[in-house]
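[1] here's my sequence, what's the structure:
(2 chains)
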There are 2 protein chains.
Amino acid sequence: MTETRPDPLVIFTPSGKRGRFPVGTPILTAARQLGVDLDSVCGGRGICSKCQITPGVGDFPKHGVTVAADALSPWNAVEQRYKDIRGLIDGRRLGCQAKVAGDIVVDVPPESQVHRQVVRKAATARAIEMDPATRLYCVAVQEPDMHEPTGDLERLNRALAETFDLPPAQADLQVLARLQPALRKGDWTVTVALSTPREGGPSKIVEVWPGFHEGGLHGLAIDLGSTTIAAHLTDLADGRVLASSGLMNPQIRFGEDLMSRVSYAMMNPGGDAEMTRAVRAALNTLIGELATEAGIDARTIVEAVFVCNPVMHHLLLGIDPVELGQAPFALATSSALDLAAAALDLTAMNPGGQVYILPCIAGHVGADAAAVALSEEPDKSDDLVLIVDVGTNAEILLGNRSRVLACSSPTGPAFEGAQISSGQRAAPGAIERVEIDPETKEPRFRVIGCELWSDDPGFAEATAATGVTGICGSGIIEAVAEMRMAGLMDPSGLIGSGEQTGTPRSLPEGRTHAYLLHDGSATGGPVITVTQGDVRAIQLAKSALYAGARLLMDEIGVDAVDRVVLAGAFGAHISPKHAMVLGMIPDAPLDRVTSAGNAAGTGARIALCNRAARRRIEAGVRAITKVETAIEPRFQEHFVAANAIPHATAPFPNLAQAVSLPQVGFGAGAARGDAGGRRRRRG
Amino acid sequence: MTETRPDPLVIFTPSGKRGRFPVGTPILTAARQLGVDLDSVCGGRGICSKCQITPGVGDFPKHGVTVAADALSPWNAVEQRYKDIRGLIDGRRLGCQAKVAGDIVVDVPPESQVHRQVVRKAATARAIEMDPATRLYCVAVQEPDMHEPTGDLERLNRALAETFDLPPAQADLQVLARLQPALRKGDWTVTVALSTPREGGPSKIVEVWPGFHEGGLHGLAIDLGSTTIAAHLTDLADGRVLASSGLMNPQIRFGEDLMSRVSYAMMNPGGDAEMTRAVRAALNTLIGELATEAGIDARTIVEAVFVCNPVMHHLLLGIDPVELGQAPFALATSSALDLAAAALDLTAMNPGGQVYILPCIAGHVGADAAAVALSEEPDKSDDLVLIVDVGTNAEILLGNRSRVLACSSPTGPAFEGAQISSGQRAAPGAIERVEIDPETKEPRFRVIGCELWSDDPGFAEATAATGVTGICGSGIIEAVAEMRMAGLMDPSGLIGSGEQTGTPRSLPEGRTHAYLLHDGSATGGPVITVTQGDVRAIQLAKSALYAGARLLMDEIGVDAVDRVVLAGAFGAHISPKHAMVLGMIPDAPLDRVTSAGNAAGTGARIALCNRAARRRIEAGVRAITKVETAIEPRFQEHFVAANAIPHATAPFPNLAQAVSLPQVGFGAGAARGDAGGRRRRRG
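    Got it, this is the predicted structure:
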């Protein structure tokens, strides 16, 4: 009499998926059949160790099973070899080696999941699900046979189909040329980097390695700004940032801001191509540095995602930006782009690798704004959020679940420390925080690279190496706001004379005055002042920023927003209070003004790690209402009205609660600003 | 009281499609709605004239209508302007201008059909339906608008969708860079060349012209042979060949035949890249010459189709052919390829243009054999057909509706006039036809470029310009066969001495003899003989060819074939009788041995003009049974047995009916060939 015993029960955690499988079924096979998210690069040959699992033993009342100690096949030689060479956490097994022997509960640790979640470092800790466009697959390929004369590529594709259920992939000629030697060197096992930019779309083999490739795959999230280029080298398996670096955009020598670069292209035949070559060369330098810093092979860099404003976008692509310099600011293309790295001359990464460029929103609102939207998701916000990405050009988004608007505003480079008398970019030695005592009018400050304030003991020693070299963007914002709060400057932005402010730090400078922040001349250092010109530059920049935000608020029909997010390479460093005193942003509860860090860069990283995010932002930008500042007469009105410090175009109850601003006026025409003041003096 | 009259009836011929349309409907619109094949590049703006129609008047009993003289709207200014400037055949109207006014019968002339049929010049006059992968479309694009800030490419795509119902196309960066100036120069009308290599697949804009582009589109059908490269410049609108040209493959300096080139690559590091550069440079030269000859702009050359053997295939692609030089002769890829011209450095055509390379059948049976199959369609033959493409490597196909087999055979360059003492390639002055009087043993011949025989009066004068310079492939075949028929040579291939043959033209040459074909020394010309070495070279070549054919016949299990097709650049010039006397091909009724001309080139032209043909041959090659000569022991047996003239491996009743061959034997070991003869002489 035979008794039919059911096959053992296999339960996976955390998914809870379960099924019965015959004794001897590899756990990896069971996982595949149940659709459990268990990774494998080598197709189950005990090479890649991506399929690590933790078997449970004992009672699992929740699952209704008791697991015996011998519920899996015994630890085998492949696992021992792997453990000896690479190490394996105690209690872990390889899912491709461990086979079903009895009822079993199998836990899939997070790092063994294909679509593992990566927690973002940003303030708002959201997870990115790993689903990069390029993945590694290791396969054994059938040897060629004269009786079945298919090509090596065709047999590789067949192996990919059989082992990983993948559709046939194409290969660039350069990769095809390397395929035959790789197959033979790897004794008919190769690892390929397979790029599938669009899920379900065509795939391309971008690289091939003999045998099992240990070196992983890497991607670049690149924020190509007018002034600086920032790049993050990312591990495409787990989303970790391995190295970050930045350098100045070499196009600066053709013009500081966007419009001057467009002018350069218009005035100089071939000027656009010159700028294209310059930025591509800089990108190669930057990528090379990142690869060296992280100690990785440049051929493993198979993906890059770019975010940038429209002018940078066109110059990167090799398109003359002339149309972006004049109404109606027509983009050559606004869609997202999938390109080969070689098409952009990016030879420092794998030239067969894939580049993704986020869509542009409009001729003045670029892929960088799209990236901010992807990162900050205003379309998922219940309350009305204003997102300001501060740079040479500010990208401004306003919206909530029901509607999102966007514009850009030409703030100029003042916020990045350029066009400021003692300005410099954010680097060790740059003043980044400023406080001015309202009573004594004496300042204290902090510099980048040092935790101490300038009046703390030991400051001089701690900053001896760098010195105090200048003021960066966040420093100048705080300095101007503090000057206003300390009564050194009136609402029109006019700096008072020593007589008017009662401090010798108010130095005469021509017909105007400057405030002495730091005198390093005794030790051969610079004399750092905030001049009237500096204040005017900041006023222009912040008026443009505020006017843009205000235009979007008009469009929605509101006078206030629920919260403000400051973004941008230096957005993280701006003090909400000072930004509001300055009138950069509309009034909002101070605790609801937060920083998103480099949101555009984060957006690029999200798009790098997750294909669905690319589709999301491609659809998202179509739903965004674009507001063009350049043709909107109210922009000019708002701009002029926002000149005062703080701006005088709307009430600021939240600011009034937090800060009391002195009622001062240094020119007779003070309320009308410096020009008025000067006029009177002349008269 | 109102009477409802039905809309007028519109009937199209030759399709017979009919429908009722409101008065005022343009004929082009009616055609589109009924699915009538009526061309239009300009989208109905009276620019392109592709939609010409011939309206009928009077009784059409077959269609059951009577057409009034005013059944169409009157001849209009657009049509008059077109006629004045470009001419229009009397009775023709423009389908986009002529509007329905009453019941009407409209004939669509062949040249107005999108999918017009082009009759091939080849002996078997079959039609190619025009359906090239790249087509012109002229559209008016909406001007940019700040309130709807899409890119120019996106608006162009919208225009293509609205006017031609096309899905969105991508554009290479180079084209994108030209799009904005073209749109503005063309006052928002542009013509684009849109490539859609796979019907229903993605499209790419490969070129853009301001306004309406007059210059048409062109494609290249390129037969890349080991010895010669032949290219046909073709009009992609109607399939006409505008210019044909050929040049020597410069890789010859690295090795005359395929295996010597593979050896060069193996022995010289970087040798494969050197050969790749050489062939690509030659292609650019050839393409440039064709464009100049036809007087067209190289940017209009937007397609190229290549056929070639596997070694040429790999060297064109930049893949080291080393694997093709040794068993198991693994191809890097066997599939058909769609590539950008730039990927092959083909800068003499539009670098954004598309290249299609036919699939390879096996490591020794290339895209050239696939092209022959596409052209000659053995899979559609009711009787068993043997197709032999004669070149440095012979491609051999045997089959019928039920089965097709293929192999290649290394004939060497003798058939192309190389390795022959007086050999030369087919060019004016080369002997191409030979007759030898069996009685007098005196020869007469014809040379390329002259219709007269050498014994005709005026021959010397007619050939004075070129002279008689050597023997080309077809000439040497006829010479050797005629020598056999005239009793100057025995079945083993041994040339008899003057004593044995009774003619002073049998000249001693070392231990062997040569036959004097022409002595031009009196006028400073060459002495042209057929030497024993020449006969041996032809014997080797024809034995290889026959053995390959025989191997396929064994595989199918037949001793005879129903018909033979001779193909190849010089296949057209081979006399069937001489080929059979020589034993190049199996016995077949002489009237069933035909020439297909350059069938591989024709196959390339078919694939150039018709996308469906590409899909057909891609599926076709998978159904072909590949036979590998190199590993088949019987190939060697057949090769040895086929040495005699004619071959002695099978009966040849058809040949025996046509020709009576003298029973001669010049060596004591004659039946075993020269080697045996020599051996005996030594013994």
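
[2] give me the domain ranges for chain A.
    A:9-112, A:133-210, A:218-366, A:370-413+A:538-658, A:422-515 (automatic domain parsing).

[3] distance between the ends of stretch A:50-58?
    26 Å (CA to CA, to the nearest Å).

[4] what residues does the helix or strand hosting A:L247 touch?
    A:L247 is located in strand A:241-248, with elements delineated by DSSP states H and E. Taking CB atoms under 8 Å, 6 or more residues apart in numbering or on different chains as the criterion, the residues outside strand A:241-248 that touch it are A:218, A:227-235, A:282, A:285-286, A:289-290, A:293-294, A:296, A:425, A:569, A:605. Just so you know, the C-beta spots here come from the backbone N, C-alpha and C atoms, and that holds for glycine as well.

[5] out of those residues, which end up buried?
    Taking 16 or more other CB atoms under 10 Å in any protein chain shown as the criterion, what is buried in the contacts of strand A:241-248 is A:218, A:227-235, A:282, A:286, A:289-290, A:294, A:296, A:425, A:569, A:605.

[6] next, A:T150: phi, psi?
    phi -80, psi 160 (degrees, to the nearest 10).

[7] can you give me the distance of it to B:L316?
    Counting by CB to CB, to the nearest Å, the gap from A:T150 to B:L316 is 20 Å.

[8] and A:Q354, by the same measure?
    Distance from A:Q354 to B:L316, counting by CB to CB: 25 Å.

[9] filter the contacts of strand A:241-248 down to just the ones in helices.
    If you go by DSSP state H, the contacts of strand A:241-248 have A:A282, A:T285, A:L286, A:E289, A:L290, A:E293, A:A294, A:R605 in helices.

[10] doesn't A:H232 make contact with the third one?
    No. Under the contact definition of CB atoms under 8 Å, A:L286 does not touch A:H232, with a separation of 10.7 Å.

[11] what secondary structure does A:G16 sit in?
    The three-state label given to A:G16 by DSSP: H, G, I helix; E, B strand; the rest coil is coil.

[12] over to A:R155?
    helix.

[13] now do the contacts for it.
    Contacts for A:R155 were tallied using CB under 8 Å, 6+ apart; they are A:V141, A:Q142, A:P144.

[14] roughly how far apart are the residue of the stretch 501-650 of chain A found nearest chain B and A:A373?
    In the stretch 501-650 of chain A, the residue that lies nearest chain B is A:E628 (4.5 Å; CB to the nearest CB). According to CB to CB, A:E628 and A:A373 sit 17 Å apart.

[15] residues of the stretch 351-500 of chain A that sit close to chain B?
    A:C360, A:I361, A:A362, A:G363, A:V365 (CB under 8 Å from any CB of the partner chain).

[16] what pLDDT does the first one get?
    Spelled out, that is A:C360. At A:C360, the pLDDT value in this model is 95.

[17] can I assume it is in contact with A:A332?
    No. Counting by CB under 8 Å, A:C360 sits too far from A:A332 to count as a contact (9.7 Å).

[18] returning to what we had before: who does the strand holding A:L247 pair up with?
    strand A:228-235 (antiparallel) (DSSP bridges).

[19] that older thread, so which of the residues of the stretch 351-500 of chain A next to chain B sit within helices?
    Short answer: these have none in helices (DSSP H).

[20] check contacts around the residue of the stretch 151-300 of chain A found nearest chain B.
    Using CB to the nearest CB, the single residue of the stretch 151-300 of chain A nearest to chain B is A:G151, 3.6 Å away. Going by CB under 8 Å, 6+ apart, A:G151 touches B:A330, B:L331, B:A332, B:T333, B:S334, B:S335, B:C360.

[21] any idea how far the residue nearest to the second one when sequence neighbours are not counted is from B:P310?
    Distance criterion CB to CB, 6 or more residues apart in numbering or on different chains; nearest residue to B:L331, sequence neighbours excluded, is A:G151 at 3.9 Å. Applying CB to CB, one obtains 10 Å for the distance of A:G151 from B:P310.

[22] which neighbours do the two have in common?
    Common neighbours of A:G151 and B:P310 (criterion: CB under 8 Å, 6+ apart): B:L331, B:C360.

[23] in the sheet, who's paired with A:L9?
    Note on A:L9: beta-bridge partners A:R20, judged by DSSP bridges.

[24] for it, grab the count of nearby residues.
    When neighbours are counted by other CB atoms under 10 Å in any protein chain shown, A:L9 registers 19.

[25] can you list contacts of stretch A:136-145?
    Contacts with stretch A:136-145, where a contact means CB under 8 Å, 6+ apart, come from A:41-43, A:45, A:47-48, A:150, A:152, A:155-156, A:158-160, A:163-164, A:166, A:183, A:188-194, A:211-213, A:216-217, B:328-330, B:363.
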